[in-house]
Structure formats: structure tokens, C-alpha cells
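Undergrad: Build me a model from this:
(2 chains)
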Amino acid sequence: MAEYLVLIYGDESALGTSDAETTNQMMKGHQVFGERNTAALRGGNALQSTATATSIRQAASGEFVVTDGPFAETKEALGGYYLVEAADLDEALALAKQIPMPFGGVEVRPIRTFD
Amino acid sequence: MLAATVRVTGDIDVAEECVQDAYARALATWSSSGIPVRPGAWLTTVARRRAIDMGRRRSTHERALPLLVERVAAPAPADLDAGPEIVDDRLRLIFTCCHPAIGMDARVALTLRLLCGLTTAEVARAFLVSEATMAARITRAKKKISMARIPYRVPPLEELPSRIDAVLTVVHLLYSTGHTAPVGADLIRRDLVERSLDLARVLRTLLPEDADVAGLLALILLTDARRATRLGDDGHLVLLADQDRAQWDQDAIGEGVALVRDALRRRPPGRFALMAAIAAVHAQAPSWDVTDWREIVGLYDVLVEIWPSPVVALNRAVAIGLAEGPEAGLAAVDALGSEPLLATYSYLASARADFLRLLGRSGEARSAYEEALLLSENAVEREFLADRLGQVEG
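TA: Below is the predicted model of the structure:
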């Protein structure tokens, strides 16, 4: 078995202006996803919007530069994630396809292990 | 042999190493004891034994190694003989190489490298990139297969239709690249055409019930049946209209037509079956003039519906011109003029030029041929276009 991080990306402005029904449906979708896949789920969270993000970079001098905003400005921002366990990529993709993604899509990345 | 060995190792790189070892052993052994009765089976057995050996040695740090498959119990040497499982192994490998999680370029490269056995240098030449670029592309794809654990297996039934399509697309791309090389001095790359034909035949053996597989094999056979007549003795391009039909490969046509019938039984017909049906109409027409153009337009109508590609739409427009005359053809081609994907496609300009020439609008025809010349990068095609340009008097 292997672990994969499923990163959920979406258009924040579309999320912010969506009607109550769309939002409810999405919440319900996540709930159903969680109930159906308890055995495979290792964790997961929704994130606050990128407006709440703070980024830190370290200059060559060693000095920290703290700025307001996400690390990279993109139209579709990281909005949440699930950590799942799967036998192979096909199984991970089958899980990821069940995640609601009304404002974007998801990225599936294998977790790197070190020995 | 590689496919059978991957099943034991679960890792393509290790399998390739084992196969190389087997060849080295063959060189040493066969020169003293003679060539075995079944050299292929001998090599496969040696490669797989070596793989099992390595597997045992590695088993202590097993967890560190990314696997393509859940390790199967190592088969006893007696089970290693060839049989239907070799066919299964090749099928698994095709599906791994053409997994949608791998980029299209890399799918084609991996298929040529691992299934057709081309060297990295040969694959690089086929796609006109440097060997270093191709090596990097293949390495990256293999790394992804291993790191992301792209499984080495035939997908389950419910996923099969979409996954077969990815495989057929790769084989078709391989064929089209060989049929008219996009750039370079030769019009046809025989090696690529033959590899694609081989693969289509393998797929047909593996999936005899699949209509799309039958359609693709038919398409390749029927189009390739004309290969000998597409170039004149002087190396010039000969159009379908002017080809010597007596020289078309009748065996290939017969096989292709039978396959088309088989493929069209499925409703609705798939894109490869429809393209093959169009090729079959040409293959069975005694001459260009008595070709059933209305039948061809009808087939394109269905094709453009299920596969709304601009190139298909352009072919349909040309067929309309042949069925209803150059005026209708020009109108149909011009209707596609705003299609951005066709803006740099030399066939749009050359189709316009041909219809304009037939309508006697020489000035416009000339500038359209000039445009096509600017867009085409195949030397044989360019020569043909230059020749046509010379025929249009100002």
C-alpha cells in the first residue's frame, strides 16, 4: 500500500459567490466521501481562503521575509486536502474522483517515503 | 520477453537489466553449446530466473523499492514456459505504457521503447529530438510509473473502454507519424508504420471482440495497402486520384474490408471503424472518378458528429467538393477558415487552392498554394505544392 495526498484546487471567487445550494451540495459530497472511504482515509482538512495566508521566504542573508498572501498567486488555489491510502495509482484516482470539485479539480501526489 | 520479466520484477528498469543479462548469457552459452530449439523461450526463462534471483536478494529491503505490481509468488522454473500468459504480459505492459497519468509524448516513447524494443536512440530519431531529450523523457516516465505506482495490469471491465481508447490513440498516432512524416526528407517512415501495424495486430489477438481494435487494424491495413503507389519512381508525391490502383495490396485490402464489416456491427460505430470504412470505399473503387463520394460524405457526417476534430471537418469539406463540385467544396472549406487549430495547417490552404484552381480563379489559387508551401515542412509535400503552383498561370 502507498499513501497519496489529494490536493483540492478551486476558484476562490467562484466559491465565494456560489449560492447556498451549491455550497450545501459540496459539503454533503465531502461528508458522503468521508463515510464511504473511512478505511482509506488517513486525514484531511479544508483550508481558510488564501486571503488569510501568510508566506515566509528566507533571503540568502538568512533573513526572513514575511508577506501577506499565498506562496504563489494562482486562479485556482489550494482549498483543502485528503491523505488517502491506496494500493496503486488507479485506486487513488478512483478515490479522488469521488471528491466534490465544483470550482476546479484535484491533484493526486504520491507521498515520498525515506528509509 | 521484457513484458514477461516485468511481471516477475514489478519494475521496468530491473526487468531491462535482467533481459540484457539473458542476452549476455546467450552469447556465452550458445557459442559453445549451440542455439537452443526455442531461443526466445530460452532467453525469457533465463531473464525471469535472473529476475526471481534478484528479487530474493532484494527481499530484505523490499519496502524501499517501489513496485508496479503486488509481488506474485515466484513461479517455479517449470512454470516459466511461454503460453497465453505472454500475451497477457504484453497487454499489461501496453496498458501501463499508455496510462492516462503519463503524458502523451511519453506514452508513445515508452510504447516504442518497451513494447517494440526500439533503442532510446531510435525512438529519438523517430520523433526528431536529441537522444538526451528522449532519454530524459523516458526516464521521467519510468520514474513516474514507479513512484506513483501506476499499476501493471489490465484495467477492470468498467474502465476498459476509456483505457483502450488511450492505447489505440497511441498506436494511431504512431501510424500517422509514419504515414506522413511531419518533417524531414522522407514522406513515409516505414519503420513506424510497421511497428504500428504489429501493435494493432497484437491488440487484435488480445482483444478479438473489441470493435475499435478491429477498426484501427482495418484502418492501418487499408491505408497502408496504398503505400507502394504513394510515391512515383522519381520520389514525387502521387495523389490518391492518380495512384496505380492495380498495385494496391489486395491481401491487405481484403483483410481490412472484412475487419471493417466486423467493426461496423457495433452501434454507434467508433471513430476508427468509420475512418476505416472511408478507406474501404477508396480501396474498393476502381478509379478516383467512380468513387462513391456521397457514401464518403455520409461517413464523414457521422464521424464529425462523434469526433468533432477540425481535421475531420476539413476532410469532410474536401469530400463535399468531390461529391458536389468545387463550388460547394470551396464553400465548405471556407466555412472552416476561422478554426484556430487549422490556421497553421497546410492542408486547409492546399484544399482551398485546389478548389480555386478547378474554378479557374488562378490568382487566388496561386496565393493559396503559396500559403500551403509556407506551412508544410515535409520535403516531398513541398515539392508537390511547388509543382502545382507552377501549373497555375497568373
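Undergrad: I'd guess A:A60 is in a strand, am I close?
TA: No. Using DSSP: H, G, I helix; E, B strand; the rest coil, the assignment for A:A60 is coil, not a strand.
Undergrad: how about the longest helix along chain A: buried residues?
TA: If you go by DSSP state H, chain A has its longest helix at helix A:20-36. By neighbour count on 16 or more other CB atoms under 10 Å in any protein chain shown, the buried set for helix A:20-36 is A:26, A:30, A:33. The way it works is simple: take the backbone N, C-alpha and C, and place the C-beta from them, glycine included.
Undergrad: which of those residues lies closest to A:F64?
TA: Ranked by distance to A:F64 (CB to CB), the buried residues of helix A:20-36 are led by A:H30 at 35.1 Å.
Undergrad: Could you find the closest non-adjacent residue to that closest one?
TA: Excluding the flanking residues, the one nearest A:H30 by CB to CB, 6 or more residues apart in numbering or on different chains is A:P100, at 6.1 Å.
Undergrad: Figure out the helix or strand that A:Y82 lives in.
TA: Here A:Y82, judged by DSSP states H and E, is contained in strand A:76-86.
Undergrad: Quick check: buried residues in that strand?
TA: Buried residues in strand A:76-86, counted by 16+ other CB under 10 Å: A:77-82, A:84-86.
Undergrad: what is the orientation angle of it with helix A:20-36?
TA: 20 degrees (axes from the mean of the first three to the mean of the last three CA atoms, to 10 degrees).
Undergrad: State the helix or strand in which A:G43 lies.
TA: Using DSSP H and E, A:G43 falls within strand A:41-46.
Undergrad: Tell me the strands beside that strand, with direction?
TA: strand A:76-86 (antiparallel) (DSSP bridges).
Undergrad: quick one: the partner strand to chain centroid distance?
TA: The chain centre lies 3 Å from the centre of strand A:76-86; the measure is CA atoms, centre = their mean, to the nearest Å.
Undergrad: Now it - C-alpha only, PDB.
TA: C-alpha atoms of strand A:76-86 as PDB (Å, rounded to 0.1, in the frame of the first residue of the first chain):
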ATOM      1  CA  GLU A  76      -7.300  28.100  -8.700                       C
ATOM      2  CA  ALA A  77      -6.000  28.000  -5.100                       C
ATOM      3  CA  LEU A  78      -5.400  25.100  -2.800                       C
ATOM      4  CA  GLY A  79      -8.600  24.800  -0.700                       C
ATOM      5  CA  GLY A  80      -8.200  21.600   1.100                       C
ATOM      6  CA  TYR A  81      -6.700  18.100   1.000                       C
ATOM      7  CA  TYR A  82      -7.200  14.500   1.900                       C
ATOM      8  CA  LEU A  83      -4.500  12.000   2.800                       C
ATOM      9  CA  VAL A  84      -5.500   8.600   1.400                       C
ATOM     10  CA  GLU A  85      -4.100   5.100   1.400                       C
ATOM     11  CA  ALA A  86      -4.300   3.100  -1.800                       C
END
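Undergrad: Identify each buried residue in the helix or strand just after that strand, please.
TA: As assigned by DSSP H and E, the chain's next helix or strand after strand A:76-86 is helix A:89-96. For helix A:89-96, a neighbour-count test (16+ other CB under 10 Å) marks A:89-93, A:95-96 as buried.
Undergrad: tell me the secondary structure for the residue of the stretch 1-150 of chain B found nearest chain A?
TA: Proximity of the stretch 1-150 of chain B to chain A (CB to the nearest CB) peaks at B:R149, 4.3 Å away. On the three-state scheme (three-state DSSP), B:R149 is labelled coil.
Undergrad: rewinding a little: can you put the buried residues of helix A:89-96 in JSON lines and add pLDDT?
TA: Shown next, in JSON lines, are these (pLDDT from 0 to 100):
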{"residue": "A:L89", "pLDDT": "96"}
{"residue": "A:D90", "pLDDT": "94"}
{"residue": "A:E91", "pLDDT": "95"}
{"residue": "A:A92", "pLDDT": "97"}
{"residue": "A:L93", "pLDDT": "96"}
{"residue": "A:L95", "pLDDT": "97"}
{"residue": "A:A96", "pLDDT": "97"}
